[in-house]
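K.L.:
Show me the folded form of this:
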Amino acid sequence: MPDYGITHIPKLFDVTSIISAFRSQNDLSGSENISETLPFQEFVYVESGDINILVDGELFSLSEGCLIFYPPNSIRSIVTSRNAVLSIVCFESQSELLPDFYGRIIKLCDAQHQLLSEIISLGENLLTAEIPSQYKCGMLATLAASPHALHRFGSLTELFLVDLHESLTKTSDSSENVANTFDNRFVFLTDYLKLHISENLSLEEMSIACKTSISGLHRLCKKECGTSPISLFISLKIARAKQLVSEKNMNFTEISENLGFSSIHYFSKLFKSKTGMTPSEYKNTFAGICKKSKNKDL
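P.N.:
Below is the predicted model of the structure:
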């Protein structure tokens with residue numbers, strides 16, 4: 001027992017490895033979105049422009065200066081993106097505080113943005129996208145990346161997470177640090193569509209529920225997610241389909257019927273157009289990711 005006072009420093013965030021860190025330009029319409037399911041932590045920051053993202057069936061709208069975290073193994077896809085420049089960081093950490101970030105749109109202050117810019121700049125200098133063919137994604141350290149530089153990279157990422165979490169604990173959801181850009185009518189619409197996800201709703205039924213005209217419904221969806229009400233409804237159905245496929249409790253015909261599709265053929269066609277994979281391919285891919293993640297934990 002030492003004869004001097006000690007203050008132990010808690011380890012709030014422990015970043016054990018970096019998967020990738022880079023900037024990306026993104027511009028696409030609602031008909032082109034491709035979904036992903038990845039087994040690590042990831043956050044996306046909008047440097048400029050705006051994007052609309054589906055995360056496990058929930059729609060988020062991010063404008064310039066906003067950031068969102070993707071939970072591991074979540075089903076995510078960029079629905080629309082207009083002239084967006086994105087900073088993306090993927091990493092591994094087992095911190096129990098990370099779930100506090102999920103489901104939030106976070107507005108960065110100037111100091112946080114500056115710290116993130118330093119992380120991205122380091123990533124561009126230390127990591128390369130030229131990886132062996134056995135890897136589906138990620139970046140590896142360059143030969144010139146020293147242990148000191150990589151340690152600094154991890155420490156800065158931890159510092160960014162600590163600062164971000166501290167700002168969230170000091171503020172409420174209504175503060176300037178947490179942004180919500182949705183029109184209340186749009187929130188009501190998405191909730192209504194999820195409640196009736198197994199039905200084939202018409203534009204008239206949607207407009208009546210939202211107490212607006214069909215043209216007003218189109219303007220609302222165009223403004224908030226850059227697509228039509230029907231396309232939004234289909235995106236929500238496919239997001240739910242991916243959840244059902246991953247749960248393995250239903251076969252594809254049952255999932256198709258549960259979500260109100262007219263036939264298994266039509267369901268499969270829409271599923272592939274939205275995800276880039278058939279339901280069978282998606283199921284096999286998801287199973288492979290889960291198995292790999294489970295083996296790693298063991």
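K.L.:
in the chain, which helix has the most residues?
P.N.:
Secondary structure of the chain per DSSP state H: the longest helix is helix 147-170.
K.L.:
quick one: buried residues of that one?
P.N.:
Residues 150, 153-154, 156-158, 160-161, 163-165, 167-168 are the ones in helix 147-170 that count as buried (16 or more other CB atoms under 10 Å). Where C-beta positions appear, they are placed from N, C-alpha and C, glycine not excepted.
K.L.:
Let me know the next secondary structure element after that helix.
P.N.:
helix 184-195 (DSSP states H and E).
K.L.:
okay, Asp297: pLDDT?
P.N.:
In this model, Asp297 is scored at 48, pLDDT.
K.L.:
Which parts of this structure are helices?
P.N.:
For the chain, applying DSSP H gives helices covering 110-126, 147-170, 184-195, 203-210, 214-225, 229-247, 252-258, 264-275, 279-297.
K.L.:
Kindly present the ones you listed as CSV, with separate columns for distance to Ile88.
P.N.:
Below are those laid out as CSV (distance: least, CB to CB, whole Å):
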stretch, distance to Ile88
helix 110-126, 9
helix 147-170, 13
helix 184-195, 25
helix 203-210, 34
helix 214-225, 21
helix 229-247, 21
helix 252-258, 31
helix 264-275, 20
helix 279-297, 19
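K.L.:
between the longest helix of the chain and helix 110-126, how many degrees?
P.N.:
150 degrees (axes from the mean of the first three to the mean of the last three CA atoms, to 10 degrees).
K.L.:
who touches helix 147-170?
P.N.:
12-15, 18, 21, 89, 91, 93, 95, 97-98, 100-101, 104, 106, 108-109, 111-112, 115-116, 118-119, 122-123, 125-126, 141, 177-178 (CB atoms under 8 Å, 6 or more residues apart in numbering).
K.L.:
quick one on the thing from earlier: dump the buried residues of helix 147-170 to TSV, plus pLDDT.
P.N.:
Listed next are those as TSV, based on pLDDT from 0 to 100:
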residue	pLDDT
Leu150	94
Phe153	95
Gly154	94
Leu156	96
Thr157	96
Glu158	96
Phe160	97
Leu161	96
Asp163	94
Leu164	94
His165	93
Ser167	88
Leu168	84
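K.L.:
Please list all residues in contact with the most centrally placed residue in the chain.
P.N.:
The centroid of the chain falls nearest to Tyr70 when counting by CA atoms, centre = their mean (4.0 Å). Contact analysis of Tyr70 by CB under 8 Å, 6+ apart lists 38, 41-44, 55, 76.
K.L.:
How about Leu67?
P.N.:
Neighbours of Leu67 in contact, by CB under 8 Å, 6+ apart: 43-46, 105-108.
K.L.:
Which of these sits closest to Leu193?
P.N.:
Of all the contacts of Leu67, Leu193 sits closest to Ile105, with 20.0 Å by CB to CB.
K.L.:
Report the separation between that closest one and Leu62.
P.N.:
Distance from Ile105 to Leu62, counting by CB to CB, to the nearest Å: 6 Å.
K.L.:
Of these two, give the one with the bigger neighbour count.
P.N.:
Taking other CB atoms under 10 Å, Ile105 and Leu62 do not tie; Leu62 has more neighbours (25 against 20).
K.L.:
where does the stretch 1-150 of the chain have low pLDDT?
P.N.:
Flagging of the stretch 1-150 of the chain using pLDDT under 70 yields the residue ranges 1-2, 27-36.
K.L.:
can you give me the strands for it?
P.N.:
In the stretch 1-150 of the chain, the segments counted as strands under DSSP state E, counting those that start in this stretch are 15-28, 35-37, 41-55, 58-63, 66-70, 75-93, 106-107, 127-128, 140-141.
K.L.:
Show me how the record splits this protein into domains.
P.N.:
Domain segmentation of the chain under automatic domain parsing yields 15-170, 184-289.
K.L.:
mind checking how far the first one is from the chain centre?
P.N.:
Offset of domain 15-170 from its chain centre (CA atoms, centre = their mean, to the nearest Å): 9 Å.
K.L.:
Ends of that domain, what's the gap?
P.N.:
Using CA to CA, to the nearest Å, the end-to-end distance of domain 15-170 comes to 23 Å.
K.L.:
Since that was my last question, I'll sign off now.
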